[in-house]
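Asks: the following comprises the amino acid sequence and a computationally predicted model.
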Amino acid sequence: MQAPYGADVAVRLESNVSGRIEDYALIGDMQTAALVCRDGAVDWLCLPRFDSHAVFASLLGTDEHGFWRIGPAFPAGQEPPRAARRRYRGDSLVLESEWDTPRGTVRVIDFMPPREGHAPQLIRIVEGVSGRVPMRSALRMRFSYGRVVPWVHKVEGRTVAVAGPDSVWLDADADTYGKDLTTYSDFTVAPGDRVAFAISWQPSHLGAPQAPDAEAALEATSEFWREWVDLCTYHGPYREAVIRSLITLKALTYAPTGGIVAAPTTSLPEEIGGVRNWDYRYTWLRDAAITLSSLLRTGYRGEAAAWRDWLLRAVAGDPENLQIMYGIAGERELGETELDWLPGYENSSPVRVGNGAAHQLQLDVYGEVTEALHLGHMTGLARNDYASVLQLKLIRYLETHWNEPDEGIWEVRGPRRHFVHSKVMAWVAVDRTIKLIESGDADGPLERWREMRDRIHADVCEKGYDPERNTFTQSYGSQELDASLLLIPQMGFLPPDDKRVIGTIEAIQRELSTPDGFILRYPTAGEEAGVDGLEGDEGAFLACSFWMADDLAMIGRVDEARRLFEKLLSLRNDLGLLAEEWDPKLQRQVGNFPQAFSHVPLIDTALRLTASGAYGG
């Protein structure tokens, strides 16, 4: 290694251009997560939890809002070089990025070890591969989403940044120095050299955290993921995509409580430059319930049981006030605010934290939760008596509320409507509870609830179906379509060969497909407020596109289903990750990233196609 080698190199400063969303990799420790760009910059990291304030927030602003780049040194005035190759180390969340430079090749290994009692850590190991490559680490910590400049100083040879209740400690194998409110390290690596850097978060009133052993942590982290992946029971033709999706879902699970975040980010836009920017660092009952379904069907009962326990604690004894989402420890108050000092990803403002949709009425959630509890029961998840009690309480609530209008699955900010999908999922809740009673594992007014199930079914078929167009509609009396209607056969509301189901699938293909065959959620209205009460448009919703592939397989169009599924797989970035949506005009991923609600249906569709034999090769 060499000492600092000169001032003719630069760091990516004052830039307001983040990487494309698909340029990012995910690393995490099942309590928080970081996004690492192709240029070696960590542009997003919240500490110590997913929903904590960001220490690195340049993803939503500029480098002034915090980042940590490690990569080959480069001349001032130029953009930092991008890694030529990157991959996860086997089936793990250990990231390896490699740069080829005129002076040689270098590798950076990034990971966050599962905590197991120690402080949250982000570890970066620089490894020389060939030649002698000048390197630079540039660490600019900014607390409170880039707003607060910490006090940075040395304590017994370690660098610490302190602001209010937070402290972040830097340990480095190379010498560091401060300049322009940034901590630098300049060094050179040759073949076989390994230079480790690590940051650790600690409450500022406590003493210094233990300095990590980078190599031991790397081995332990790799072993953790090897052992976890070995539990997977899926061995079909799409195993690579399924495993990567499962690892992503595991990374989005908050280990202390079992809560599952929808995504580790906030305010990545559904339309570049638009206002559809939301905070997804919370546990949506809907998203978490379908995640539980995928985990159960691939062998992960421990995670499913942990989520069920989280659910019972979050809902507590108050199912009448069931929220659609909670904090990762079950918090109920998720007030929405805007961070006006952040310009937003590619100037897509506002940047929001918290989520005002938390207290919306979304009747479909009752169906998703009940379906998840039912699946756990059917797959032999250890019995929990309160889970059955909760299920009965949810149905008693629906008895008097199923016929009310609500905000629906897509959390519209416009007026409430009688959304067809919400009614279908209310039917699911009643149907699965009837099955629970029929199995002898619960007691309830069976005949009354059978009559209720029939009444909901008839109501939907009468008021939510357009016989002239042979399709169900988004809401009672509307002309709009909605991709959530694709779940009608998947939930067993009607059989796949019912002409109304086939008509709905074909209508959605005609009216909600993009030119490249992906599916929009529902029509938007551009510069005017649409059915969701918002201006602007959005990309194709990836979950809906997977649902279409599922439906096509269910109605016997299996080759078409496989082609669509494999086309969707091609949208993943080079590491197998998906955001929420795909912009068909810009041909890029948009929305929060990576998104559980995209990876779950990927798994489900892979399982369905594997069971049907509808795959190539």
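Replies: It's in.
Asks: who's in contact with the residue lying closest to residue 463 once chain neighbours are set aside?
Replies: In space, and not counting its chain neighbours, residue 463 is closest to residue 476: 4.3 Å by CB to CB, 6 or more residues apart in numbering. From N, CA and C alone the C-beta is placed, and that goes for glycine too. Counting by CB atoms under 8 Å, 6 or more residues apart in numbering, residue 476 touches 417-418, 420, 463-464.
Asks: at 10 Å what do you get?
Replies: When contacts are counted by CB atoms under 10 Å, 6 or more residues apart in numbering, residue 476 touches 405, 417-420, 423, 459-460, 462-465.
Asks: likewise for residue 405?
Replies: 361, 363, 415-419, 422, 475-476.
Asks: which of those are buried? Put it as a ChimeraX command.
Replies: Applying 16 or more other CB atoms under 10 Å to these, the buried members can be selected in ChimeraX as follows:
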select :361,363,417,418,419,422,475,476
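Asks: among the contacts of residue 405, name the ones in helices.
Replies: With helices defined by DSSP state H, the entries of the contacts of residue 405 inside them are residue 422.
Asks: switch the contacts of residue 405 over to a markdown table; also include distance to residue 581.
Replies: Shown next, in a markdown table, are these (distance: CB to CB, whole Å):
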| residue | distance to residue 581 |
| --- | --- |
| 361 | 25 |
| 363 | 24 |
| 415 | 24 |
| 416 | 25 |
| 417 | 23 |
| 418 | 26 |
| 419 | 20 |
| 422 | 22 |
| 475 | 22 |
| 476 | 27 |
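Asks: could I get stretch 430-441 in PDB with only the CA atoms?
Replies: Extracted C-alpha coordinates of stretch 430-441, given in PDB (Å, rounded to 0.1, in the frame of the first residue of the first chain):
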ATOM      1  CA  VAL A 430     -65.200 -15.200   4.300                       C
ATOM      2  CA  ASP A 431     -64.500 -18.200   2.200                       C
ATOM      3  CA  ARG A 432     -61.200 -19.100   3.900                       C
ATOM      4  CA  THR A 433     -62.800 -18.600   7.300                       C
ATOM      5  CA  ILE A 434     -65.600 -20.900   6.400                       C
ATOM      6  CA  LYS A 435     -63.000 -23.500   5.400                       C
ATOM      7  CA  LEU A 436     -61.300 -23.100   8.800                       C
ATOM      8  CA  ILE A 437     -64.600 -23.700  10.600                       C
ATOM      9  CA  GLU A 438     -65.400 -26.700   8.400                       C
ATOM     10  CA  SER A 439     -62.000 -28.200   9.300                       C
ATOM     11  CA  GLY A 440     -63.000 -28.200  12.900                       C
ATOM     12  CA  ASP A 441     -60.300 -25.800  14.000                       C
END
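Asks: next one, pLDDT for residue 617 please.
Replies: pLDDT, residue 617: 42.
Asks: before we move on, what about residue 568?
Replies: Looking at residue 568, its pLDDT stands at 98.
Asks: quick one: it is in a helix?
Replies: Yes - using DSSP: H, G, I helix; E, B strand; the rest coil, the assignment for residue 568 is a helix.
Asks: just checking, it touches residue 581?
Replies: No - if you go by CB atoms under 10 Å, residue 568 and residue 581 don't touch, sitting 12.0 Å apart.
Asks: give the ranges of residues in the protein that sit below the confidence cut-off.
Replies: Scanning the chain with the threshold set as pLDDT under 70 gives 1-18, 525-536, 614-617.
Asks: all helices of it, in order?
Replies: Remark: helices assigned in the chain by DSSP H are 143-146, 214-229, 239-251, 285-297, 301-315, 364-378, 385-401, 420-438, 446-463, 487-490, 499-511, 542-554, 558-569, 596-612.
Asks: residue 153: how many residues sit nearby?
Replies: Around residue 153 sit 11 other residues, with neighbours defined as other CB atoms under 10 Å.
Asks: likewise for residue 175?
Replies: If you count neighbours by other CB under 10 Å, residue 175 ends up with 13.
Asks: cool, residue 102 as well?
Replies: Neighbour count for residue 102, taken as other CB under 10 Å: 7.
Asks: got a list of what it touches?
Replies: Taking CB under 10 Å, 6+ apart, we find residue 102 in contact with 72, 131, 133.
Asks: same question, residue 417
Replies: Per CB under 10 Å, 6+ apart, neighbours of residue 417: 405-408, 474-478, 480, 531.
Asks: out of the residues you listed, who's nearest residue 149?
Replies: residue 407 (40.1 Å; CB to CB).
Asks: now the closest one. Nearest residue, chain neighbours left out?
Replies: Nearest residue to residue 407 in three dimensions, chain neighbours excluded: residue 360, at 4.2 Å (CB to CB, 6+ apart).
Asks: same deal with residue 47?
Replies: For residue 47, the closest residue by CB to CB, 6+ apart turns out to be residue 201, at 4.2 Å.
Asks: which residues touch that neighbour?
Replies: With CB under 10 Å, 6+ apart, residue 201 has these contacts: 32, 45-49, 52, 55, 119-122, 166-169, 209.
Asks: who's in contact with the nearest residue to residue 437 once chain neighbours are set aside?
Replies: Sequence neighbours aside, residue 444 is the residue nearest to residue 437 in space, at 4.9 Å (criterion: CB to CB, 6+ apart). Residues in contact with residue 444, defined by CB under 10 Å, 6+ apart, are 388, 391-392, 395-396, 433-434, 436-437.
Asks: make CSV out of the residues you listed and add neighbour count and distance to residue 516.
Replies: Below are these laid out as CSV (neighbours: other CB atoms under 10 Å; distance: CB to CB, whole Å):
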residue, neighbour count, distance to residue 516
388, 19, 45
391, 24, 41
392, 18, 46
395, 26, 42
396, 15, 46
433, 27, 41
434, 19, 42
436, 23, 42
437, 19, 46
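Asks: what's the closest of these to residue 28?
Replies: Residue 28 has its nearest neighbour among the contacts of residue 444 in residue 391, at 32.1 Å by CB to CB.
Asks: hang on, isn't that closest one packed against residue 319?
Replies: Yes - the pair residue 391 / residue 319 is scored as a contact, 9.2 Å apart, by CB under 10 Å.
Asks: shared neighbours, these two?
Replies: Common contact partners of residue 391 and residue 319 (CB under 10 Å, 6+ apart): 366, 369.
Asks: hmm, back to that, the residue nearest to residue 47 bridge partners, please.
Replies: residue 168 (DSSP bridges).
Asks: how near is the residue nearest to residue 437 to residue 199?
Replies: Using CB to CB, to the nearest Å, we find residue 444 at a distance of 53 Å from residue 199.
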